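Student: sequence isn't available, so here's the structure alone:
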């Protein structure tokens, strides 16, 4: 089902197959806002529910829980839980997803009480994000339908509240579209989204964005630019290697905050000659999530006209085991001149990111952030719903964690333990690309990347676990999640606002 979001009136709402009514919980049960009509399309809507009734019907105090009151003649009414707090944006994301799934494959209208809302724009944005993210389906877009947001008040919402809701719906639509685009890139079969094809898809998308310049580097250019890590990873595949270099600058010549984003773009990872087990290889098209995410974040900076400069760099390669593949023991020279002994060809992400980070340093940004499905150790430590954050700057770390909380994409900061630098010491190169077996794998990988940041404020987002979901839940769909796209957007927007 392809959903289109819009703001609608109560008269338009009663014509939809499903009308969603938000419910807030309290100690004695649950309640509907007094501004919601008692009669919705001919269906009587109670405004108070006992705890016993909620328990019996399965309506829980968890945001996104839904009970549908079915009607023979009028629309179905979906009671959508917002938990105990109707001011939290994440509760509306879950509520939007719950309402959409309750509607099945039909249009739905969500009645949004605006009286007492502290931030109607953020609430409406979150509601649409949740609904449209939940509607994503790679395999079958289905027929068109609408997700209507109906601002209501007593007797009508204020003009300001209505305008804020309208802006929120527009923003939520743009954000969900970019995230779903990134999910589509990741979910595409590896043979359809090899480095050349991925670069072309990114070029097509970003070329329509204002104030964006994009370059796609082919192998001759990559060789000329001395990207030894990227070339070393890609040489085992018949698919040509690419690098995408994109910039967004809304006011050339003006001093704006400048952030460089680097995304790992391994379109398929077999492990190379250090080949993965079959079951570990089946989802390795997900290994280009970082590239899709940073390009989606740059695109959003443009469509939302953020007053911040963004440089996004995505090294793209397949890691296969052809007759030219890098061998354990080979030494690769990165763009900045440092050398890496490759003892594990399945630790390839840090090799391409080393080149990407070196390029990012040369762009002279204020901050560098990289995103990568980098280590299995990350998912062992934090599971598949929490990302790992490493940072060389405490202020930057706090800013990203705050952005993470606003986006609903949880991160946990892990330490950069200097003593573990010895784990990547090499006898023949500046470093080796693997540490000690089963010892601080995520930390050691981050320490290697830190060597290529030239002491600039830098954050590393390891999303190996949450980049993919094995089942749908809330507004997360099965498959690619594009986890951290919305966090990066929140960070960029806060940075732009703070510089005004």
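Tutor: Cool, got the structure. Values in this document were obtained by computation on a predicted structure and should not be read as measured data.
Student: tell me the SS of residue 331?
Tutor: Recorded secondary structure, residue 331: strand (DSSP: H, G, I helix; E, B strand; the rest coil).
Student: ok, and the closest non-adjacent residue to it?
Tutor: Nearest residue to residue 331, sequence neighbours excluded (Cβ to Cβ, 6 or more residues apart in numbering): residue 429, at 4.8 Å. C-beta here means a position set from N, CA and C on the backbone, and glycine is covered the same way.
Student: how many other residues sit next to that neighbour?
Tutor: Look at residue 429: counted by other Cβ atoms under 10 Å, it has 19 neighbours.
Student: got a list of what it touches?
Tutor: Neighbouring residues of residue 429 by Cβ atoms under 8 Å, 6 or more residues apart in numbering: 331, 339-341.
Student: can you give me every residue that contacts the nearest residue to residue 44 once chain neighbours are set aside?
Tutor: Distances taken as Cβ to Cβ, 6+ apart place residue 38 nearest to residue 44, at 6.6 Å, with adjacent residues excluded. By Cβ under 8 Å, 6+ apart, the contact set of residue 38 is 44-45, 47.
Student: now, those residues that are in helices?
Tutor: Taking DSSP state H, every one of the contacts of residue 38 sits outside helices.
Student: tell me the buried residues in stretch 43-52?
Tutor: For stretch 43-52, the buried set under the neighbour-count rule, 16 or more other Cβ atoms under 10 Å, comprises 43, 45, 49.
Student: please apply the same query to stretch 401-419.
Tutor: 401, 403-404, 406-411, 413-414, 416.
Student: quick one: terminal-to-terminal distance for it?
Tutor: In stretch 401-419, first residue to last residue: 25 Å (Cα to Cα, to the nearest Å).
Student: ok, which pair from the buried residues of stretch 401-419 is furthest apart?
Tutor: Across the buried residues of stretch 401-419, no pair lies farther apart than 408 and 416, at 26.1 Å, counting by Cβ to Cβ.
Student: residue 258: what's it in contact with?
Tutor: Residue 258 neighbours (Cβ under 8 Å, 6+ apart): 308-311, 363-367.
Student: hang on, the earlier thing: what is the nearest of the contacts of residue 429 to residue 493?
Tutor: Residue 493 lies nearest to residue 340 out of these, by Cβ to Cβ, at 35.7 Å.
Student: quick check, the closest one in a helix?
Tutor: No: under three-state DSSP, residue 340 sits outside any helix and is assigned strand.
Student: for the closest residue to residue 70 other than its chain neighbours, give its distance to residue 103.
Tutor: Leaving aside its chain neighbours, residue 70 sits nearest to residue 76 (5.1 Å; criterion: Cβ to Cβ, 6+ apart). Noted for residue 76: a distance of 8 Å to residue 103, by Cβ to Cβ, to the nearest Å.
Student: so who does residue 104 touch?
Tutor: By Cβ under 8 Å, 6+ apart, the neighbours of residue 104 are residue 18.
Student: picking that back up, hey, what's in contact with both of residue 76 and residue 103?
Tutor: 17-18.
Student: more neighbours, the two?
Tutor: It is residue 103, of residue 76 and residue 103, that has more neighbours when counted by other Cβ under 10 Å, with 28 against 20.
Student: how near is the more buried one to residue 3?
Tutor: 9 Å.
Student: now do the shared contacts for the two.
Tutor: Residues touching both residue 103 and residue 3 by Cβ under 8 Å, 6+ apart: residue 145.
Student: isn't residue 7 up against residue 151?
Tutor: Yes: here residue 7 reaches residue 151: they are 6.9 Å apart, a contact under Cβ atoms under 8 Å.
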